[in-house]
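> sequence and predicted structure are below.
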Amino acid sequence: MGRKLLLEHINVPGINTLEVYRQKGGYRSVEKALKMTPEEIVEEVKKSGLRGRGGAGFPTGMKWSFLAKPEGVPRYLVCNADESEPGTFKDRYLMTYIPHALIEGMIVSSFALGAKTSYIYVRGEMMPQIRILERAIAEAKNAGFLGKNILGTGYDLELYVQPGGGAYICGEETALLESLEGKRGNPRIKPPFPAIAGLYGCPTVVNNVESIAAVVPIINDGGDEYAKIGIGRSTGTKLISASGNLVRPGVYEIELGLPVEEFIYSDEYCGGIANGKRLKATVAGGSSVPVLPANLTLKLANGDPRLMSYESLSEGGFATGTMMGSGGFIAFDEDQCMVRNTWNFSRFYHHESCGQCSPCREGTGWMEKVLHRLEYGHGKMSDIDLLVDVSKKIEGNTICPLGDAAAWPVASAIRHFRDEFEWHVKEPLKSLDTNYGLANYAEPIAKAAITTEN
Amino acid sequence: MSDKVKVTIDGISVEVAPGTSILNAARQIGGDIVPPAMCYYSKLEGSGGKCRTCIVKVSKGSEKDPRPMPKLVASCRTTVMDGMEVQNITSPEVLEARAGVVEILLINHPLDCPVCDQAGECDLQNLGYEHGLQKTRYEFERRTFERIDIGDKIQLHMNRCILCYRCVFTADQITNKRVHGILNRGDHSEISTYIQTAVENDFSGNVIDVCPVGALTDKTFRFKNRVWFTKPIDAHRDCPTCSGKVTLWYKGEDVLRVTARKDIYGEVEEFICNTCRFDKKKTADWMIEHPTHISDASVIASNHYETMKPLPVIQENERLKLANRIELEKTSKF
């Protein structure tokens, strides 16, 4: 059994209430942290090796140490709870079932950063989670963990839940800040980074829900203890939202470094591919990361086992690797059409592009239209190279990473499943039928897959 | 210690003030190494970074940190560092990416230069000639819009808009009442006056000047003439609202259009008021200064010879030279 730090008490009835949460040791980290200096807390987080769980994987302690501290200027901590990428739903899970874990982390983190006002920016559509958090904040405030003079230490903190604008781009940290300021959620051009000029032009740290919640066990047990879990620079545990053709999709807490094969096939986690099918491909870190065929999902290019860690998943670059991302693990079985899946992702990014910069605004739409044409049997062989070319024109040339997020799934799907795209052109009528026996077509790919049976 | 920082662009070094952008450093050098800019406008705070035409490669970050920047950067929004080395036209990667941006900008922009009112003054037209493809690869239906009258003097045709945001910044920063902005998102974005409310203030006409393409046009000039058939003259008047320094565009003895004066990068030198722009169309309203200098490379320069430059083959032939001079004087506008 892998060690659980965030979801240890997930099955305890009433864990979403302050009373039960306290009985299980909740808010210990606040009591401990408020006796430490902010610098000591930052040091513990640095020692833990915690990396941002929102997708970028940047070391959290280092990010905190970049925060400018000018005199007389407020500093802010903003929790990014705008999770809305296809395949990623672990923050929502955490907020729904253990809201106090996030609030506890927010108090400790705010104290460490010297923030006296903090915000949890939640995607606007997540109204149940917004109500849950507001209720939990009220409970914490009544218990003296928020508001004026917390636990008699003289530290004041106001914590607000802010419903988001209901756009995927509002999860990009600078667009989030714009939205929080009441403006249209367009990403800002960086530099300056939020650590220098963030919310209302003041120094701001933006952290993911899971990153902030992970501060709690780091303070409780110490950064060194946390760093012992995991592998290499991928320390600690990670929430993975598993979906797709799995026997047991859901949110799992894993110790980083777990073999991907074990994550997919063991009974502790996903329990294998549904309906006895074979694995065809995975998206390991949410829809924005490159898709990998089964053989490269389970094994590295050199044959070593692929591990659930930032480094192992990205090994080989985009030719043979992908990214940990936000931990949105999507599995595709042998019957899945990669053209359709790619089009589906592309449709999402086209819809969610903010439209501020030209390559993303126009390029995402162009890719989606070409993919739609391919999927519905009107494509041309030249469309495949056109898609690759357009994705190159977008990648790296946009203000924010949404352009990359739109380009990578398309480029990687063609890189690994080009024959399937060509098949859509050669056999347009068959490709119109969703039940067209792709399993037979995909046989060479499926054979390469390493399953528990072989 | 010097208060200047040294930056090298395409092998040419220049010392500039700290905080200068790469684009403005390149403009201090001038010439072909200046990146094009469709959305950046030096007179508008916060503009730039959106169209991505000015992207360049930073091959050396600075003396302190010589690592190259991992991605191409928008030169209009990236500040120079001491010792920075930048590649613009010397980088095939930049030229390829810029060609890609041009192709993408032209996805929804109709190539109807022969009828467009902006022809001859269009930055996108110039960019298309320099970086564009012979043929578009985009085969889908373009988005189309009805024309919108913004007040009685300005017309917006969203078909041509490339969403550079310049007009939004103009309305936001130099008029006292912003009533238009960007609606929707992605490729559904559009400039709109919300409920098509008229933009009514003294400086609203400047949105026409800042538009790099033909999306916002002057209804008092629209389709009255092609710009290269008109004669630009710098003039001024004693205006209580603005500087009163303008360019008058003559056809014969008639002033067809009044615009703000523009610098070599096509940016207005000083914004002008609507009274100067729309209501003062008589020569008697103005103190005439001199013919506006137009770059030889511009199509507007055609028919406007400031100096006689006979072709080499006739340079030695006095008779031909004289005949040429007589013919030239017949057609010369100034």
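Perfect, thanks for sending it.
> grab the nearest non-local neighbour of the residue nearest in space to the middle of chain B.
Centroid-nearest residue in chain B: B:Gly266, 3.8 Å away (criterion: C-alpha atoms, centre = their mean). Excluding its sequence neighbours, the residue lying closest to B:Gly266 (C-beta to C-beta, 6 or more residues apart in numbering or on different chains) is B:Asp123, at 6.2 Å. Quick note: C-beta positions are derived from backbone N, CA and C, even for glycine.
> what's the burial count for that neighbour?
21 (other C-beta atoms under 10 Å in any protein chain shown).
> for A:Lys277, same thing?
Number of residues near A:Lys277 (other C-beta under 10 Å) recorded here: 18.
> which SS state does the residue nearest to the centre of chain B fall under?
Secondary structure assignment for B:Gly266 (DSSP: H, G, I helix; E, B strand; the rest coil): coil.
> ok, it to B:Val213 distance?
Using C-beta to C-beta, to the nearest Å, we find B:Gly266 at a distance of 12 Å from B:Val213.
> for stretch B:271-288, C-alpha coordinates in CSV please.
Provided in CSV are the C-alpha atoms of stretch B:271-288 (Å, rounded to 0.1, in the frame of the first residue of the first chain):
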residue,chain,number,x,y,z
PHE,B,271,-3.2,62.4,-31.6
ILE,B,272,-5.6,64.9,-33.1
CYS,B,273,-9.1,65.9,-32.3
ASN,B,274,-12.2,65.1,-34.3
THR,B,275,-12.7,68.8,-35.2
CYS,B,276,-9.4,68.9,-37.0
ARG,B,277,-9.9,65.5,-38.5
PHE,B,278,-13.5,65.7,-39.7
ASP,B,279,-14.6,69.3,-39.8
LYS,B,280,-11.7,71.2,-41.2
LYS,B,281,-11.5,70.2,-44.9
LYS,B,282,-10.7,73.6,-46.4
THR,B,283,-7.3,74.8,-47.2
ALA,B,284,-8.2,78.1,-45.7
ASP,B,285,-8.5,76.3,-42.3
TRP,B,286,-4.9,75.5,-42.3
MET,B,287,-1.4,76.9,-42.3
ILE,B,288,0.4,74.9,-45.0
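> quick one: residues in contact with that stretch.
Residues from elsewhere that reach stretch B:271-288, judged by C-beta atoms under 8 Å, 6 or more residues apart in numbering or on different chains: B:43, B:153, B:170, B:174, B:201-206, B:209, B:218, B:220, B:233-237, B:239, B:241-246, B:248, B:253-256, B:258-260.
> likewise stretch A:332-349?
A:86, A:168, A:244-245, A:273-275, A:277-283, A:287, A:291, A:364, A:367-368, A:371-372, A:374-375, A:402, A:405-406, A:409-410, A:413, A:417, A:420-421, A:424, A:431, A:434, A:438-439, A:442, A:445-446.
> average pLDDT for that stretch?
For stretch A:332-349, the mean pLDDT works out to 92.
> now it, how far from the chain's geometric center?
Offset of stretch A:332-349 from its chain centre (C-alpha atoms, centre = their mean, to the nearest Å): 19 Å.
> ok, so what distance separates the nearest residue to A:Gly377 once chain neighbours are set aside from A:Asp419?
Sequence neighbours aside, A:Pro428 is the residue nearest to A:Gly377 in space, at 3.1 Å (criterion: C-beta to C-beta, 6+ apart). Using C-beta to C-beta, one obtains 15 Å as the distance from A:Pro428 to A:Asp419.
> over to A:Arg28?
Counting by C-beta to C-beta, the separation of A:Arg28 from A:Asp419 is 56 Å.
> wait, doesn't A:Glu422 sit right on A:Ile384?
Yes. The criterion here is C-beta atoms under 8 Å, and A:Glu422 meets it with A:Ile384 at 6.7 Å.
> compare these two (neighbour count), which wins?
A direct count of neighbours by other C-beta under 10 Å for A:Glu422 and A:Ile384 places A:Ile384 higher, at 19 against 15.
> tell me which element the more buried one is part of?
helix A:381-394 (DSSP states H and E).
> show the residue spans covered by the strands in the stretch 151-300 of chain A.
Secondary structure of the stretch 151-300 of chain A, counting by DSSP state E, counting those that start in this stretch: strands at A:158-163, A:204-208, A:230-231, A:234-235, A:237-244, A:250-255, A:258-259, A:279-283, A:291-293.
> nearest to B:Glu93 among those strands would be which one?
Smallest distance to B:Glu93 across these (C-beta to C-beta): 26.1 Å, for strand A:291-293.
> quick one, phi/psi of B:Gly49?
Phi and psi for B:Gly49, reported as degrees, to the nearest 10, are phi 90, psi -10.
> what is the burial count for it?
B:Gly49, neighbours per other C-beta under 10 Å, totals 24.
> so it touches A:Cys357, yeah?
Yes. The pair B:Gly49 / A:Cys357 is scored as a contact, 7.3 Å apart, by C-beta under 8 Å.
> overlap in contacts, the two.
A:Ile399.
> give me the pLDDT value at the closest residue to chain B within the stretch 51-200 of chain A.
Closest to chain B within the stretch 51-200 of chain A is A:Ile189: 4.2 Å, counting by C-beta to the nearest C-beta. Per-residue confidence (pLDDT) for A:Ile189: 91.
> check A:Ser431 too.
Here the pLDDT value assigned to A:Ser431 is 73.
> same thing with B:Ala198?
With respect to pLDDT, B:Ala198 scores 52.
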